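>>> build the 3D model from these lines:
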Amino acid sequence: MFFNSSDIHWFKPVELVTKYGRRGHIKASLGTHGHMKCVFDDQLKANDTVMLHLYKRVFPKWRYEEAQAQATHFTTLEDWQQLGSEDSNRGTINNSMEEEHD
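The predicted structure follows:
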């Protein structure tokens, strides 16, 4: 999995998983050639494969005040009607331009 002991120390905080659902972590580095000692929640089978996820899912910071301000941006009926009339005007302009080109 690794080539030297510094790689093992770098990835030590990352959780290990197997194809059969075992979870574990790296306990220590053995020697200088990338061998390591791992601890899992149960015994591994001979045909199991150890994997290391190389990504971290990050959720955006969410604040209630910002979400509420975005949700109440169009609060009146006039705002929605104005938005709808802008969309319909765009459609008539595009249709008239297509007729000129034909």
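>>> dump the residue contacts of the nearest residue to Phe3 once chain neighbours are set aside.
In this structure, Phe3 finds its nearest non-sequential neighbour in Gly34, 4.8 Å apart by C-beta to C-beta, 6 or more residues apart in numbering. C-beta coordinates here come from the backbone N, C-alpha and C atoms, glycine included. With contact set as C-beta atoms under 8 Å, 6 or more residues apart in numbering, Gly34 has these partners: Met1, Phe2, Phe3, Asn4, Ser5, Asp7, Ile8.
>>> what's the most distant pair in the residues you listed?
In the contacts of Gly34, two members sit farther apart than any others by C-beta to C-beta. They are Met1 and Ser5, at 12.3 Å.
>>> quick one, which of those two is more surrounded?
Here Met1 and Ser5 are compared on neighbour count by other C-beta atoms under 10 Å; more neighbours surround Ser5, at 17 against 14.
>>> only the buried residues of the lengthiest strand in the chain, if you could.
Longest strand of the chain, by residue count under DSSP state E: strand 23-30. Buried positions in strand 23-30, judged by neighbour count with 16 or more other C-beta atoms under 10 Å: Gly24, Ile26, Ser29.
>>> columns distance to Val17 and pLDDT on top of those, output as JSON lines?
Converted to JSON lines, the buried residues of strand 23-30 look like this (distance: C-beta to C-beta, whole Å; pLDDT from 0 to 100):
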{"residue": "Gly24", "distance to Val17": "8", "pLDDT": "94"}
{"residue": "Ile26", "distance to Val17": "12", "pLDDT": "92"}
{"residue": "Ser29", "distance to Val17": "20", "pLDDT": "90"}
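>>> doesn't Ser5 make contact with Thr32?
Yes - with contacts counted by C-beta atoms under 8 Å, Thr32 reaches Ser5, the gap being 5.4 Å.
>>> picking that back up, give the pairing partners of the longest strand of the chain; include direction for each.
Partners of strand 23-30 in the sheet, by DSSP bridges, are strand 16-18 (antiparallel), strand 35-40 (antiparallel).
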